[in-house]
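Q: I need the structure of the sequence given here:
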Amino acid sequence: VLFRSNAVAMDLGLITPVRNTRFTFGIAVQNLGSDIKFQDQSYPLPRTFRMGLSWLAPKAPVMVTGGLSLPRDNSLSYQLGAEYWPVQSFALRSGYTLRPSDDFAGYRGIGTKSENTLTALSGFVAGMGIKAFNMQLDYAFVPMGDLGSTHRVTLGMRFK
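A: Predicted structure coming up:
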């Protein structure tokens with residue numbers, strides 16, 4: 001027997017430079033939409049509110065970022081990250097997600113602190129980007145605990 005489920009959702013966001021500073025501010029809401037219905041039951045989508053701030057160093061090709069995420073179904077988390085462009089067409093990136101100390105159970109597949117000593121590493125991410133012409137190729141490595149690791153690749157194009 002085949003079962004199907006459907007929902008309609010969208011993400012809304014805004015990113016804007018902060019006037020007369022080296023900061024950029026962003027805000028987003030993800031998964032706005034209908035509940036997902038499976039057979040006779042409906043479930044809310046995992047709506048998440050996000051906001052962040054980045055700072056571009058004045059004399060170095062470095063950007064430092066900070067953000068927060070508040071999912072409907074989980075605890076508030078904080079993200080810290082940095083991006084370094086050693087040459088104009090290549091970027092190195094690294095980041096870390098901070099979670100409440102009592103909220104590691106189930107986070108990215110990691111068990112409680114007493115069950116797994118690698119819990120503190122579960123928030124680490126790393127990646128790189130390459131720019132050429134009007135295109136950018138980005139790669140990110142994200143460990144997912146018991147689920148293994150993900151490798152995310154994004155190809156973007158800028159239209160002028």
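
Q: now the end-to-end length of stretch 55-70.
A: 22 Å (C-alpha to C-alpha, to the nearest Å).

Q: buried set for the helix or strand harbouring residue 136?
A: Element membership for residue 136 (DSSP states H and E) is strand 135-143. Residues of strand 135-143 classed as buried by neighbour count (16 or more other C-beta atoms under 10 Å): 136, 138, 140, 142-143. Where C-beta positions appear, they are placed from N, C-alpha and C, glycine not excepted.

Q: go through those residues and name the one nearest residue 156.
A: For those, the minimum distance to residue 156 (C-beta to C-beta) is 4.7 Å, reached by residue 136.

Q: any figure for the gap between that closest one and residue 85?
A: Shown here: residue 136 relative to residue 85, a distance of 12 Å by C-beta to C-beta, to the nearest Å.

Q: contacts only, for residue 8.
A: Neighbouring residues of residue 8 by C-beta atoms under 8 Å, 6 or more residues apart in numbering: 33-34.

Q: backbone torsions only: list them for it.
A: phi -120, psi 130 (degrees, to the nearest 10).

Q: give the contact list for residue 67.
A: Residue 67 makes contacts with 26, 50-53, 78-79, as judged by C-beta under 8 Å, 6+ apart.

Q: make JSON lines from those residues and add distance to residue 37, pLDDT and neighbour count to it.
A: Shown next, in JSON lines, are the contacts of residue 67 (distance: C-beta to C-beta, whole Å; pLDDT from 0 to 100; neighbours: other C-beta atoms under 10 Å):
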{"residue": "26", "distance to residue 37": "32", "pLDDT": "98", "neighbour count": "15"}
{"residue": "50", "distance to residue 37": "26", "pLDDT": "97", "neighbour count": "18"}
{"residue": "51", "distance to residue 37": "30", "pLDDT": "98", "neighbour count": "16"}
{"residue": "52", "distance to residue 37": "33", "pLDDT": "98", "neighbour count": "18"}
{"residue": "53", "distance to residue 37": "37", "pLDDT": "98", "neighbour count": "14"}
{"residue": "78", "distance to residue 37": "34", "pLDDT": "91", "neighbour count": "15"}
{"residue": "79", "distance to residue 37": "32", "pLDDT": "93", "neighbour count": "17"}
